[in-house]
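In: show me how the following folds:
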Amino acid sequence: MPLLPFLEANRIEAGCDEVGRGCLAGPVVAAAVILPSTYNNPWINDSKKLKKADREDLIAEIKDKALSWAIAEASVAEIDQINILNASFLAMERAVEQLEVRPEHLLIDGNRWRSKLGLEYTCVIKGDGKIASIAAASILAKVYRDQLMEGLALEFPHYAWERNVGYPTAAHREGIRKHGKTKWHRNSFKLLPEQLNLKM
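Out: So this is what the prediction gives:
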């Protein structure tokens, strides 16, 4: 079943989503996407429900058909300084600010939102599985972040980031135990259940 093309007709809506909140390493990445109200693609869906190859195939389509799109990050240092929730808001705010078309309304995936943008918004729980622009944002953010972590895995090969992209898998945590943490690890997160004193 296709996702909704908009929440309200005749309004410039930007769908916003982030990825990487639950990771132990790497930035949190957000995207904002404004799609035409007539846009329809049955393959667009919550990025977590799509295969990796399908997400990557949709990237060019989204970027080509969107009225505007943007991707932004909040760094590991910012996550540690202001906490992951606020860093997620910051990344989404930065993505919205980079849009070439100013939205009239934001569609935020989730149940909370806070920013200094002064734009009207609606929080949509599980919005990436309901509204096309939020789903498109989730795809852009996930593909961007996955590729970033896969690249970092070449420099830091002990944490299986090419497979877990920073999430707390057994292989990731075993890498932390054996090799310590990197500059990409979030110090404000519980990196290991036992919380060892980790070397840098």
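
In: which stretches of this structure form strands?
Out: For the chain, the strands defined by DSSP state E cover 13-19, 28-34, 68-74, 105-109, 120-124.

In: grab the longest helix from the chain for me.
Out: Ordering each helix of the chain by length in residues (DSSP state H) puts helix 132-155 first.

In: the strands of the chain into CSV, with extra columns for mean pLDDT and distance to Val143?
Out: No exception for glycine: its C-beta is placed from N, CA and C like everyone else's. Formatted as CSV, these follow (pLDDT from 0 to 100; distance: least, C-beta to C-beta, whole Å):
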stretch, mean pLDDT, distance to Val143
strand 13-19, 97, 9
strand 28-34, 98, 9
strand 68-74, 98, 9
strand 105-109, 97, 16
strand 120-124, 97, 21
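
In: helices or strands up against the longest helix of the chain?
Out: Judged by 3 or more C-beta pairs under 8 Å, 6 or more residues apart in numbering; DSSP states H and E, helix 132-155 is in contact with strand 13-19, strand 28-34, helix 52-65, strand 68-74, strand 105-109, helix 161-164.

In: ok, which of those comes nearest Ala135?
Out: Nearest to Ala135 among the helices and strands packed on helix 132-155 is strand 13-19 (7.3 Å), distances taken as C-beta to C-beta.

In: and stretch 85-93, how far from the chain's centre?
Out: Averaging C-alpha positions (C-alpha atoms, centre = their mean, to the nearest Å) puts stretch 85-93 10 Å from its chain's average.

In: what about the chain, any weak spots by pLDDT?
Out: Within the chain, the stretches with pLDDT under 70 are 1, 195-200.

In: who does Ile108 bridge with?
Out: Cys16, Cys123 (DSSP bridges).

In: is it true that it touches Leu119?
Out: No: Ile108 is beyond contact range of Leu119, at 10.3 Å (criterion: C-beta atoms under 8 Å).

In: okay, the two: which has more neighbours?
Out: Ile108 (26 against 15; other C-beta atoms under 10 Å).

In: roughly how far apart are that one and Gly15?
Out: 8 Å (C-beta to C-beta, to the nearest Å).

In: now do Leu191
Out: Distance of Leu191 to Gly15, computed by C-beta to C-beta: 32 Å.

In: the more surrounded of these two?
Out: Gly15 (30 against 21).

In: ok, now which ones touch the more buried one?
Out: Applying C-beta atoms under 8 Å, 6 or more residues apart in numbering to Gly15 gives the contacts 32-35, 107, 109, 127, 131-137.
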